[in-house]
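Undergrad: have a look at this prediction, sequence included:
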Amino acid sequence: MSELTRYRRLMIATVMYVLMICFLVAALVPSLEAIALGLALGAVISLINALYLGYKVKKVADGAANGNLKRVNLGFLTRAALAVLGIFISMRFPQYFNTYAVAGGLVIAQFSLLIIGIIKSRKEV
């Protein structure tokens, strides 16, 4: 198993723990339900975006390794459209999702990957 596969699995596990905590808070503390569900929606979109970017980067790297010099995009518009869709959903259903929490949740997977990378690099030294 490659190092990138380990990072991806740890990122998925971390985001799943965040989702579990968000759903528990939404169920147990009704006053924070919209915030917790907003964070959960943002975290799911963040995870999808991170996995999609990883897929596109792997595809570009494989193409470059095979000598394919064709110009390839990394799907920025798709990932941005998913983020905007999450914000639109939160604005359409404000009783269920807090817009600020969705915006904050959009970076959970990236920050978890950053923290995982820092921890893993400290263990190697």
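TA: The structure has been received and is ready for your questions. Numbers count the residues shown, from 1 in each chain.
Undergrad: tally of neighbours for residue 23?
TA: Here the number of neighbours of residue 23 (other Cβ atoms under 10 Å) works out to 14. Every C-beta, even on glycine, is put in place using the N, C-alpha and C of the backbone.
Undergrad: so which elements touch the helix or strand containing it?
TA: Assigned by DSSP states H and E, residue 23 belongs to helix 3-28. Under the contact definition 3 or more Cβ pairs under 8 Å, 6 or more residues apart in numbering; DSSP states H and E, helix 3-28 sits against helix 33-65, helix 108-124.
Undergrad: mind redoing it with 10 Å?
TA: Using 3 or more Cβ pairs under 10 Å, 6 or more residues apart in numbering; DSSP states H and E as the contact test, the elements touching helix 3-28 are helix 33-65, helix 99-105, helix 108-124.
Undergrad: now the shortest one, how far from the centre of its chain.
TA: Right, the one you point to is helix 99-105. In this view, helix 99-105 has its centroid 12 Å away from the chain centroid, taken as Cα atoms, centre = their mean, to the nearest Å.
Undergrad: please apply the same query to the first one.
TA: In terms of Cα atoms, centre = their mean, the centre of helix 33-65 is found 4 Å from the chain centre.
Undergrad: could you do the last one as well?
TA: Offset of helix 108-124 from its chain centre (Cα atoms, centre = their mean): 14 Å.
Undergrad: residue 49 and residue 29: what is the separation?
TA: Residue 49 sits 28 Å away from residue 29, going by Cβ to Cβ, to the nearest Å.
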